[in-house]
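# pasting a predicted model and its sequence here:
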Amino acid sequence: MREKNIEAKHINALIDEEISRYWNIESRSANSIQIYRALSVVIRDMLLKKHNQFKNFVNKNEQKQVYYICMEFLVGKSLRNNLYNLKIENETEIALKKYNIKLEDLYVIEKDPGLGNGGLGRLASCFMDSLATQGYPATGFSIKYEFGLFKQKIIDGWQTELPDDWLTTSDVWLVAKTEERVVVKFDGKIREEWTTSGLVIHHDYPTEIEAVPYDMFISGYDGDGVSLLRLWESKSLNSIDMNLFSQGDYIRALSEDSMAEAISKVLYPADNHYEGKILRLKQQYFLVSASAQTIVKKHYKKYKTLDNLSDKAAIHINDTHPALIIPELMRILMDDYGYSWEKAWYIVVNTVSYTNHTVLSEALETFDIDIVKTKLPRIFMIISEINRRFLQEAGSKYNDFNKAEQMSVFGYDKINMANLCIIGSHTVNGVAKLHSEILRRTVFKKFYEYSPYKFMNVTNGITHRRWLNQSNPRLKNLLDDLIGADYTKHPSKLSELKKYIDDDVVLHKLDEIKYENKKLLAEFIYNTYQISVNTDSIFDIQAKRLHEYKRQLLNALRIISLIIDINEGNTTHIKPETFIFAAKAAPGYYRAKEIIQMIVALSDYINKNPNIKKYINVVFVENYSVSLAEIIMPAGELSEQISLAGKEASGTGNMKFMLNGAVTIGTYDGANVEIINQVGEENFFLFGLRDYEVESLWKTGYSSIHYYQKSLKLRKIIDFLNKGIPSKSFESISKYLLGDSQVGDPYMCFADFDSYLDAHNKASSVYFDDKRKWNQMSLVNIASAGIFSSDRTIKEYADSIWNIKSI
Ligand code: GPK
């Protein structure tokens, strides 16, 4: 069903009207930016209307809704996605002929809103799509960061960060709902006052900040569903100090404003790493307080009670970042609506659920008790009481208060946010089978023993509508021809492709499509960096955040090993290979930046050495983003998913690559495990230690020197690093690998090195000696990707965690 039979001429009429209304010109004389804005507003308003209808229906039927609270939503561009999901791309293309412009020209005008760092934020956005498509009523809550994730620019080989001013074009997708603003309060003192109703009243809040909502609508595909993403902007409520103002101190009079407005100024650029900073705490509380107030207010208005909140609202906290919604809901229920502790607690726990996304200790959030106490005194008080009651209950149950104490929310002057989340949620889930198992076995062991019924797994997914249908139109067309377009809404139907496993025509077509997509990426690389890459080489891609545990370094060590072989004239085993990297490093993560620097230096070195370039090439693509990923994924042949086993919670890039026909080279980690289950080990290049081997090796004492001494290849690599290349020394990486003051090679690149090379040799012999077999592997990967659609993921959340029904 196309959107209510909209025809090109309707779209023209709407665009013309918008252009005339806004700029007071004839559409003939509008420029492309004006047309982009006019069209976007037209689509936005269509979605606004559609969302209202959807909402009315939900309200009329008193249906339960989900509220997905997340500090990050990596939405990607909106125009194409919405036109695609409304099924009016063709009509719009026809309409645009009138202005002599193509959709493609408009798509490039839009800036990619980088309101997230990586996997976690992108997952939240894929969920919005799948929720809307399957007709689940959903609202996402996040912050309207004025500056999204920084733009990455490599200057003199080093990552530098530039501000991302996404609002200059993407503001058109936002609808300000100023009348629905709320006030968030910070600082102050608590005075406990026992009135007849036993209320604790908080009297003094010196800092009040306004949260102003901006709504973005995300269309579902082919149906009535539209998800709402509400982004909060912080504004100062303390009106300008007129005294200062009249004394002429304009800047100081306004500085109060900027303190408040700093909250929604910029996204913290760290991935898988927490920052115990005050501003970050303020951002988190700002988000949850504004969202919780809104949810409760709306519910109360409709039902005149909050007793049934958990029947009508599922509040999901995506990682611990929104953990404070637990005490905040308690505060609202008790202080604003007069609930008793027991009743409030029952409602809160039955409403809230929590997903963990990492086991890395440096990513498990803690905040200084003192900071929380001063900034959020009432919230701190509630957290303390939650903890006191929980330890009391657990201590009695165990008849051992010391044992219970191991689950305390407090420790070493810190608040452990994950513990708060587990205690305050009805369900806790990990994001892939192995990850959920590790949570139960290690990180959350004590809690699992205490309340095993709370723990479950929901394996991540991606929306195949963006990551295949829109970004890989050639493959989509082939699939439509072969198996029909049903997979667009029923991704498990992708498996029907399997029947073509021995069809040479189909295998050949897959090969051609991959080649075309490689050419597009090669063109992009040439136009951007003037680096020419060999499109007959295998495209070996690692695209993800730069992190030690993800081991871009392992990949780079193999490149160095190949360079050494080529320089020594030992080339019989070397096949043409193009290594493509795309990765942002957190600005303060020195080691990660150093690894980028090395990859960039290797790329320069190779491009200056024709004898090496004959065989291999390396490209570092700057500024990895959703839009870039949409160009990279379709061109991937070998997908590098090589994290140290046990460290990658799930990974979702692995799913995007396989869906586009890449074969994975990877460790037994995260969702790789489930990919292997789907495709079979024969269609995956598996290598490396298992998670339990990593654990026991770490316990017995990992020594990279041991591997170094045994391996000539590793010794040569270390020599290479020590000598460096003409422009650059890599001594510090060599030290890092061998260890000086710290354990060398903490992510065990050396331990997995040989097995990694073997896996690569296998991959390259299939690719270069038996292309038919390679194409079959590629086909199996595409055909097995259906289960990794976020449609499946969302259905699992809806059925087993949120208990919501689709419309
Ligand atoms: C996990 F803890 C975090 C984080 O801060 N940011 C982030 O993107 C990722 N993640 C995991 O690293 C991935 O394995 C996972 O697929 C993704 O979250 C979504 O669950």
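Cool, the structure landed. Source: prediction; values computed, not measured.
# near the ligand, which residues of this structure are found?
117-120, 123, 271-272, 319, 357-358, 363, 431, 460, 648-652, 670 (C-beta under 6 Å from any ligand atom). C-beta: built from backbone N, CA, C; applies to glycine.
# in helices, which of these fall?
119-120, 123 (DSSP state H).
# and the buried ones among the residues of the chain next to the ligand, selectable in ChimeraX?
To isolate the buried subset of the residues of the chain next to the ligand in ChimeraX, counting by 16 or more other C-beta atoms under 10 Å, use the following:
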select :117,118,119,120,123,271,272,319,357,358,363,431,460,648,649,650,651,652,670
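# and the next helix or strand past the helix or strand residue 558 falls within?
Taking DSSP states H and E as the criterion, residue 558 maps to helix 552-567. As assigned by DSSP H and E, the chain's next helix or strand after helix 552-567 is strand 577-582.
# which helices and strands sit right next to the longest strand anywhere in the chain?
When the chain is parsed with DSSP state E, its longest strand is strand 207-219. If you count contacts as 3 or more C-beta pairs under 8 Å, 6 or more residues apart in numbering; DSSP states H and E, strand 207-219 packs onto helix 32-60, helix 79-86, helix 119-133, strand 175-176, strand 182-186, strand 226-236, helix 250-261, helix 278-303.
# list the contacts for the closest residue to the ligand within the stretch 51-200 of the chain?
The minimum distance from the stretch 51-200 of the chain to the ligand, using C-beta to the nearest ligand atom, falls at residue 119 (3.0 Å). Applying C-beta atoms under 8 Å, 6 or more residues apart in numbering to residue 119 gives the contacts 271, 357, 460, 544-545, 650-653.
# cool, residue 234 as well?
Applying C-beta under 8 Å, 6+ apart, the residues contacting residue 234 are 184, 209-212, 260-264, 286.
# can I get the residues you listed in JSON lines with pLDDT and neighbour count?
Below are those laid out as JSON lines (pLDDT from 0 to 100; neighbours: other C-beta atoms under 10 Å):
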{"residue": "184", "pLDDT": "97", "neighbour count": "24"}
{"residue": "209", "pLDDT": "95", "neighbour count": "24"}
{"residue": "210", "pLDDT": "96", "neighbour count": "19"}
{"residue": "211", "pLDDT": "98", "neighbour count": "26"}
{"residue": "212", "pLDDT": "98", "neighbour count": "19"}
{"residue": "260", "pLDDT": "87", "neighbour count": "21"}
{"residue": "261", "pLDDT": "87", "neighbour count": "17"}
{"residue": "262", "pLDDT": "92", "neighbour count": "14"}
{"residue": "263", "pLDDT": "96", "neighbour count": "26"}
{"residue": "264", "pLDDT": "97", "neighbour count": "24"}
{"residue": "286", "pLDDT": "98", "neighbour count": "22"}
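# farthest-separated two in the residues you listed?
The largest distance within the contacts of residue 234, taken as C-beta to C-beta, falls between 212 and 262 and amounts to 15.0 Å.
# can you pull the domain assignment for this protein?
As assigned by automatic domain parsing, the chain contains the domains 62-77+112-460+795-802, 464-788.
# next, the angle strand 577-582 makes with the helix holding residue 558.
If you take axes from the mean of the first three to the mean of the last three C-alpha atoms, to 10 degrees, helix 552-567 sits at 150 degrees to strand 577-582.
# can you list the buried residues in helix 552-567?
For helix 552-567, burial by neighbour count (16+ other C-beta under 10 Å) applies to 552-563, 565-566.
# just checking, what packs against it?
Helix 552-567 packs on strand 577-582, helix 590-608, helix 610-613, strand 616-621, helix 712-723, helix 749-769, going by 3+ C-beta pairs under 8 Å, 6+ apart.
# what's the last one in contact with?
Right, helix 749-769. 538, 551, 553-554, 557-558, 561, 573, 575, 577, 637-638, 642, 644, 663, 665, 667, 685-689, 697, 702, 704, 707-708, 711, 713-714, 737, 745, 773-774, 777.
# cool, the fourth one as well?
With contact meaning C-beta under 8 Å, 6+ apart, strand 616-621 is reached by 154, 525, 528-529, 531, 533-534, 537, 543, 559, 562-563, 566, 574, 576-582, 596, 599-600, 602-603, 606-607, 628, 632.
# now the buried members of the residues you listed.
154, 525, 529, 531, 533-534, 537, 543, 559, 562-563, 566, 576-582, 596, 599-600, 602-603, 606-607, 628, 632.
# tell me how far the nearest residue to residue 81 once chain neighbours are set aside lies from residue 709.
Using C-beta to C-beta, 6 or more residues apart in numbering and skipping residues adjacent in sequence, the residue nearest residue 81 is residue 466, 6.0 Å away. According to C-beta to C-beta, to the nearest Å, residue 466 and residue 709 sit 48 Å apart.
# for these two, indicate the residue with more neighbours.
residue 466 (24 against 10; other C-beta atoms under 10 Å).
# could you measure from that one over to residue 621?
Distance from residue 466 to residue 621, by C-beta to C-beta: 19 Å.
# wait, residue 496 sits on residue 783?
Yes - in this structure, residue 496 is within contact of residue 783 by C-beta atoms under 8 Å, at 7.5 Å.
# quick one, which of these two is more surrounded?
residue 783 (24 against 16).
# format the contacts of residue 119 as a markdown table; extra columns: distance to residue 370.
Output for the contacts of residue 119, formatted as a markdown table (distance: C-beta to C-beta, whole Å):
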| residue | distance to residue 370 |
| --- | --- |
| 271 | 27 |
| 357 | 27 |
| 460 | 36 |
| 544 | 36 |
| 545 | 31 |
| 650 | 35 |
| 651 | 37 |
| 652 | 37 |
| 653 | 39 |
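# for the ligand, what's the nearest residue on the stretch 301-450 of the chain?
Closest point on the stretch 301-450 of the chain to the ligand, by C-beta to the nearest ligand atom, is residue 358, at 3.2 Å.
# can you tell me the closest non-neighbouring residue to residue 360?
residue 272 (5.5 Å).
# surely the one you found and residue 361 touch.
No - using C-beta under 8 Å, residue 272 is not in contact with residue 361; the gap is 10.6 Å.
# pLDDT weak spots in the stretch 51-200 of the chain?
196-200 (pLDDT under 70).
# distance of residue 431 from residue 593?
Taking C-beta to C-beta, one finds residue 431 at 27 Å from residue 593.
# what does residue 397 give?
Distance from residue 397 to residue 593, by C-beta to C-beta: 48 Å.
# ok, now residue 212?
Relative to residue 593, and taking C-beta to C-beta, residue 212 is found at 36 Å.
# for residue 308, same thing?
With C-beta to C-beta as the criterion, residue 308 and residue 593 are 51 Å apart.
# so these two - more neighbours on which side?
Taking neighbours as other C-beta under 10 Å, residue 308 and residue 593 compare with residue 593 leading, 18 against 13.
# hang on, that one packs against residue 599?
No - applying C-beta under 8 Å, one finds residue 593 not in contact with residue 599, separated by 10.8 Å.
# mind listing what residue 276 touches?
Contacts of residue 276 (C-beta under 8 Å, 6+ apart): 365-368, 371, 414.
# which of the helices or strands spans it?
Under the criterion DSSP H and E, no helix or strand holds residue 276.
# could you measure from residue 296 over to residue 325?
11 Å.
# compare these two (neighbour count), which wins?
residue 325 (30 against 19).
# what's the separation between the closest residue to that one other than its chain neighbours and the ligand?
Computed as C-beta to C-beta, 6+ apart, the closest residue to residue 325 that is not its neighbour in sequence is residue 288, at 3.9 Å. Using C-beta to the nearest ligand atom, to the nearest Å, one gets 17 Å for the distance from residue 288 to the ligand.
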